[in-house]
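S.K.: compute the structure for the input listed below.
(chains A, B, C and D)
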2 protein chains.
Amino acid sequence: MNDPKIRNMEEFASASGISRPTVSKYFNDPQSVRESTRQRIEAALEQYDYRPNIYAINQNRRLTKNIGIVVPYLADPFFAEIARNIENLIIASGFRTILLSSHGDPKQELDNLDLLRSIKPAGVLLAPLGRASDPAAVKAFCDDVPTVLFDCNISDLGEAFIGHNNVQATEQICEYLCRTGEPPVFFEMRTPPNPNAYRRRKAYCEVMEKLGFPTQLIQVDGEGWNFEEIGYVEGKRVISQRLLTTNTVLCSNDRLAIGFLTAAFETGQRVGRGEDCALRVAGHDNHPYSRFTCPPLTTISHDYVLIAEKSVETLLSFIESGERAQSRETTLFDGKLMMRSSA
Amino acid sequence: MNDPKIRNMEEFASASGISRPTVSKYFNDPQSVRESTRQRIEAALEQYDYRPNIYAINQNRRLTKNIGIVVPYLADPFFAEIARNIENLIIASGFRTILLSSHGDPKQELDNLDLLRSIKPAGVLLAPLGRASDPAAVKAFCDDVPTVLFDCNISDLGEAFIGHNNVQATEQICEYLCRTGEPPVFFEMRTPPNPNAYRRRKAYCEVMEKLGFPTQLIQVDGEGWNFEEIGYVEGKRVISQRLLTTNTVLCSNDRLAIGFLTAAFETGQRVGRGEDCALRVAGHDNHPYSRFTCPPLTTISHDYVLIAEKSVETLLSFIESGERAQSRETTLFDGKLMMRSSA
DNA sequence: CATTTTTCTTTACGCGCGTAAATTTTTAAT
DNA sequence: ATTAAAAATTTACGCGCGTAAAGAAAAATG
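M.R.: As a prediction, this is how the structure comes out:
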């Protein structure tokens, strides 16, 4: 790991006693050279500290070994977790990863796509902002780069979509709540940034109707991605103004629920299933922190690992085949009821 | 935005009627060319969809315009927030950003540094894992690449360190707790991954001694970065086994405290300052979620923005001067007591 | 051993851009 | 208008690697 310093592949090749084209071949695929040759190169690699210049490598490739990952809001542990799983899977497949967050900002999302373009990625996994996304710009990007959408669907964009089955999940928790107590009201943002929320709203209305219960949508104001804050502020208002027609609140997502729980706590509303409780609160997503709320949050879980696996697998198959999608496939994973003590 | 497609700077130059070297100069710094020239180039940029190939650009530069950011655990909103602030500042300074998480894993941290090496970054902002980091490897990296450490100090590594004043912060919250009720016990991991914890432990012991109160360290088992889980499981044990010598618990960080609060809730220990409360619980960090615990967590806040600003500013000054640090400067920001209702 | 197949070497070119040097043009100053 | 300074152009080379073609060497086959 010392000796004279190696500056490029030429020098490394002569130091290892192998020709440069063969060394180049080795770095593109170690299995493509003869066993004995590989050993000589790897012996030299241990002796000298050389690694190919990735800029020079990628300059000539039409597409690189880079895969972009874009999430709408990385400070949300939900996306951080999913991104982590995706990263690991991609790296295990021999690709590199570039993780970008749109920070809830449509302009940032476009900047991210722009940056990715200049990186010439082999493919991109995109969880778009949703309502705030610029559909035309995203479409233009998807036309240029093989892109698989996940978590948040924008109709017809990308090669495929992998997400949650919001309908099944909402039905499941609504049925549970109706079966075990008063029917839930639906607590949500009036204009949620993410389209999953719309599907959940719709599913809530449909399943409640099917079950023969009245619906109540509590649509609160608030923009952006500070869901806990919105859930807290508006939860306090809703509780103090006695806007709830039942004692059971189904929040559109766990982060709203986390804020709502705080509101309930501060207004002295005991939350839980017990006789002495004034409210039941449920969420949606099985957010990493939902286990640690007080009381722990009853919610619908989505399998991060499954979504990550399917997304990566789908993208890699497009990359490896070099083909684009004939028809856009949509994969939805069912949610699982996480019964905890909040509802 | 259409016309014949531009393949490289040569073609773009002739399309814009400007020579290639001048165009190159423009892309390196638009202000470095004459006003009229700039306008002609920018007019052409609107007409043709061209952007320089970043691989070709970086191949010839000895150092790129890339700045690496490495955090120990991105799924922790604390780091996600700090990373977000840092990213924005760096981008505003005209650099690019590469955000990497070590996922709590020393091997991943080395992989990240390795990846950054091959990217030839202008500089790196590194929040190391701490105890688990490989000091020799990190040192070797810091020798090669201008690196500023933040959040977590490793003695003498990097050009500078920017972090929290754990001593001042711990003193402040200890004094507050002692003044307003029973003296706190210190709840922490026996072998915390992050050295900040050690400093807080030490500061706790010193300030309690200075104030003339007894100390009690509750050092719980557990490895890794699942702090909430550890705080929850061990908190339950500690409470049920009645290991607390006072009614006040100072947790080494907010994530432990979040788990501890859940443990207190589930064991029926009411937390807060009121007469009817059995426990007071405080944390450290002003974690983004600490406002939304039940009850909201009294803690010590650290100013993300200040730390981000100072870190970026420090790194950029090294990059721009092209010099390395004469003497390693350490900047510690004071914490601010966030009085909420948990203690 | 001769023959075929596989692998490696040699030679050579190109990718898209940075950048230096010498020259010409444009602008600013006198 | 003359001169000096600033900016653009032309020309040319190099960065580190991918990759193609032709020939030489090694390995596998019979």
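S.K.: quick one: is the host helix or strand of A:Leu316 near chain B?
M.R.: Per DSSP states H and E: A:Leu316 is located in helix A:304-321. No - figure legend: helix A:304-321 not in contact with chain B (CB under 8 Å from any CB of the partner chain); closest approach 10.7 Å. Yep, even glycine has a C-beta here, placed from its N, CA and C like the rest.
S.K.: what's the first helix or strand after that helix?
M.R.: Downstream of helix A:304-321, the first helix or strand assigned by DSSP H and E is strand A:329-333.
S.K.: okay, the angle between that following strand and helix A:304-321?
M.R.: Strand A:329-333 and helix A:304-321 are oriented at 160 degrees to each other (axes from the mean of the first three to the mean of the last three CA atoms, to 10 degrees).
S.K.: near DNA strand D, which residues of chain A?
M.R.: Contact residues (CB under 7 Å from any atom of the strand) of chain A with DNA strand D: A:7-10, A:12, A:20-21, A:24-25, A:27-28, A:34, A:36, A:52-53, A:56-57, A:59-61.
S.K.: picking that back up, list the buried residues of the helix holding A:Leu316.
M.R.: A:Tyr304, A:Ile307, A:Ala308, A:Lys310, A:Ser311, A:Val312, A:Thr314, A:Leu315, A:Leu316, A:Phe318, A:Ile319 (16 or more other CB atoms under 10 Å in any protein chain shown).
S.K.: for DNA strand D, state which of those residues is nearest.
M.R.: Of all the buried residues of helix A:304-321, DNA strand D sits closest to A:Ile319, with 15.4 Å by CB to the nearest atom of the strand.
S.K.: B:Gly158 versus that closest one, what's the distance?
M.R.: 38 Å (CB to CB, to the nearest Å).
S.K.: swap in A:Thr180?
M.R.: Distance from A:Thr180 to B:Gly158, by CB to CB: 56 Å.
S.K.: among the two, which residue is more densely surrounded?
M.R.: A count of neighbours by other CB atoms under 10 Å in any protein chain shown puts B:Gly158 above the other of A:Thr180 and B:Gly158, at 28 against 13.
S.K.: pretty sure that one contacts B:Arg324?
M.R.: No - when contacts are counted by CB atoms under 8 Å, B:Gly158 is not listed as touching B:Arg324 (10.4 Å).
S.K.: tell me the contacts of the residue in the stretch 151-300 of chain A that DNA strand D sits nearest to?
M.R.: With CB to the nearest atom of the strand, the shortest gap between the stretch 151-300 of chain A and DNA strand D falls at A:Glu159, namely 23.7 Å. A:Glu159 makes contacts with A:Cys142, A:Pro146, A:Thr147, A:Val148, A:Thr314, A:Leu315, A:Phe318, A:Arg324, A:Ala325, A:Arg328, as judged by CB atoms under 8 Å, 6 or more residues apart in numbering or on different chains.
S.K.: likewise for A:Lys120?
M.R.: A:Asn58, A:Arg61, A:Arg62, A:Leu63, A:Thr64, A:Asn66, B:Tyr55.
S.K.: the worst-scoring helix or strand of chain A on mean pLDDT vs chain B: in contact?
M.R.: Using mean pLDDT, DSSP states H and E, the weakest-scoring helix or strand in chain A turns out to be helix A:54-60, at a mean of 89. Yes - counting by CB under 8 Å from any CB, chain B has neighbours in helix A:54-60: A:Ile54, A:Tyr55, A:Ala56, A:Ile57, A:Asn58, A:Gln59.
S.K.: can you flag the buried ones in the residues you listed?
M.R.: A:Ile54, A:Tyr55, A:Ile57, A:Asn58, A:Gln59.
S.K.: show me what contacts the third one?
M.R.: What it means is A:Ile57. Shown in contact with A:Ile57 (CB under 8 Å, 6+ apart): A:Phe27, B:Tyr55.
S.K.: nearest residue to the residue of the stretch 151-300 of chain A closest to DNA strand D in space, please, no chain neighbours.
M.R.: Leaving out its chain neighbours, the residue that sits closest to A:Glu159 by CB to CB, 6 or more residues apart in numbering or on different chains is A:Ala325, at 4.0 Å.
S.K.: would you confirm that that neighbour contacts A:Leu157?
M.R.: No - the pair A:Ala325 / A:Leu157 is not scored as a contact, 11.1 Å apart, by CB under 8 Å.
S.K.: the more surrounded of those two?
M.R.: Legend: neighbour count by other CB under 10 Å for A:Ala325 and A:Leu157, higher for A:Leu157 (19 against 13).
S.K.: isn't that one up against A:Ala137?
M.R.: No - judged on CB under 8 Å, A:Leu157 makes no contact with A:Ala137 at a distance of 10.5 Å.
S.K.: returning to what we had before: which helices and strands does the following helix or strand past the least confident helix or strand of chain A pack with?
M.R.: Sequence-wise, the next helix or strand downstream of helix A:54-60 (DSSP H and E) is strand A:66-71. Contact here means 3 or more CB pairs under 8 Å, 6 or more residues apart in numbering or on different chains; DSSP states H and E; on that basis strand A:66-71 packs against helix A:77-92, strand A:96-101, helix A:106-119, strand A:123-126.
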